[in-house]
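Novice: Using only what follows, build the 3D model:
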Amino acid sequence: MTLQEGKEQFVQTWGALGSKWGINRTMAQVHALLLISPEALTASEVKETLGISMGNANMNLRALIDWGLIRKEHKLGHRKEYYFAEKDIWKVAQQIIAERKKRELTPIQSVLSELQQIEGEGEEVDSFKKMIDDLAEFSNFADKTLDTVATSDRNWMVNSFMKLLGNKK
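Specialist: Next up, the predicted model:
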């Protein structure tokens, strides 16, 4: 396999994984391209490399900036904007966790908090309240766990994971 074939396979695979995680396939492909690019790229270079429209490239670059996964750079003497992805995969994972938590878990917790205030009596109300309380408890546990992972350093994460694997023997 040539380097070019490897790059193309990585971009395609990262795009497929992204779509399985609920992220736009093209957004994941743009991210993959920037992850493996040693130099910052322009929107035009992203467009050409991936064979997408300029509007699609710009929209996905803005989304990746919003997610905190890439940043915009200006090069002295150049008018174009350049885009560069964080290369530390641990930082990338932590940023994705933090962003997904903000976009998905926090809104659910807000709804569950409201639903815990339901009034009434009877078996059906009690059953509903129990389910909501259980979901709230689980979401709070998930929230604290994700906070721990998102704010931990690499060594702590690796050591914790290895301990977890070691305890399964």
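
Novice: give me every residue that touches residue 10.
Specialist: 32, 36 (C-beta atoms under 8 Å, 6 or more residues apart in numbering). Bear in mind the C-beta positions are built from the backbone N, C-alpha and C, glycine included.

Novice: Can you give me the distance of it to residue 125?
Specialist: Applying C-beta to C-beta, to the nearest Å, the value for residue 10 to residue 125 is 52 Å.

Novice: cool, residue 11 as well?
Specialist: Residue 11 sits 52 Å away from residue 125, going by C-beta to C-beta.

Novice: And for residue 76?
Specialist: Counting by C-beta to C-beta, the gap from residue 76 to residue 125 is 66 Å.

Novice: which element is the residue nearest the centre of the chain on?
Specialist: Relative to the mean C-alpha position of the chain, the nearest C-alpha, by C-alpha atoms, centre = their mean, is the one of residue 96, at 2.7 Å. Per DSSP states H and E, residue 96 falls inside helix 89-100.

Novice: In terms of secondary structure, what does that helix contact?
Specialist: Counting contacts by 3 or more C-beta pairs under 8 Å, 6 or more residues apart in numbering; DSSP states H and E, helix 89-100 packs against helix 123-151.

Novice: Pull the distance from the helix it packs on to the chain's centre.
Specialist: Chain-centre distance of helix 123-151: 22 Å, with C-alpha atoms, centre = their mean, to the nearest Å.

Novice: and that helix, average pLDDT?
Specialist: Helix 123-151 shows a mean pLDDT of 91.

Novice: how close does the residue nearest to residue 42 when sequence neighbours are not counted get to residue 50?
Specialist: Of all residues not flanking residue 42 in the chain, residue 80 sits nearest, at 4.7 Å (C-beta to C-beta, 6 or more residues apart in numbering). If you measure residue 80 against residue 50 using C-beta to C-beta, the figure is 17 Å.

Novice: Counting neighbours, go ahead and name the busier of the two.
Specialist: residue 50 (18 against 12; other C-beta atoms under 10 Å).

Novice: Isn't residue 115 up against residue 132?
Specialist: Yes: Residue 115 is in contact with residue 132 according to C-beta atoms under 8 Å; the separation is 4.7 Å.

Novice: any chance you could map the strands in the chain?
Specialist: For the chain, the strands defined by DSSP state E cover 41-42, 70-74, 81-85.
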